[in-house]
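Undergrad: generate a structure from the sequence data that follows.
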Amino acid sequence: WEQVREAHAALRALAPRIPDPALRAELLDACGLLTAEAATGEVELAPRELDVLACVAAGATNAVAAERLGLRAETVKGYLRSAMRKLGAHTRGEAVVAARRAGVLP
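TA: Numbers count the residues shown, from 1 in each chain. Down below sits the predicted model:
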């Protein structure tokens, strides 16, 4: 499962850098196959919140996630804080566990 999770994080980080909208959508659809997001609708995370959570789940710090996603570390922190609030989590680890339980992360 760890390799699936790392692949998911890498694909989510790659998607925003693809200029072709159809190809980007196809890649994100493939990411969806790695999760159970279609089975649940309880948690509504923004795409960038999910990107950040995927990086965090793969063990990335805010700085590393920012580099992978082409964002500033402060922006990553904001997305993470927002995702944590939506998931009812108090720590990064709790957010990852809650996202996996909700089916939005593999």
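
Undergrad: what's the spacing between the residue of the chain lying at maximal distance from its centre and E26?
TA: The outermost residue of the chain relative to its centre, with distances by CA atoms, centre = their mean, is D20 at 20.5 Å. Note on D20: its distance to E26, by CB to CB, to the nearest Å, is 9 Å. (Each C-beta comes from the backbone N, C-alpha and C, glycine too.)

Undergrad: the spatially closest residue to D51 that is not a sequence neighbour and H90, how far apart?
TA: Excluding the flanking residues, the one nearest D51 by CB to CB, 6 or more residues apart in numbering is R12, at 4.7 Å. Distance of R12 to H90, given as CB to CB: 23 Å.

Undergrad: circling back to that earlier point, got phi/psi on the residue farthest from the centre of the chain?
TA: Main-chain dihedrals, D20, degrees, to the nearest 10: phi -80, psi 110.
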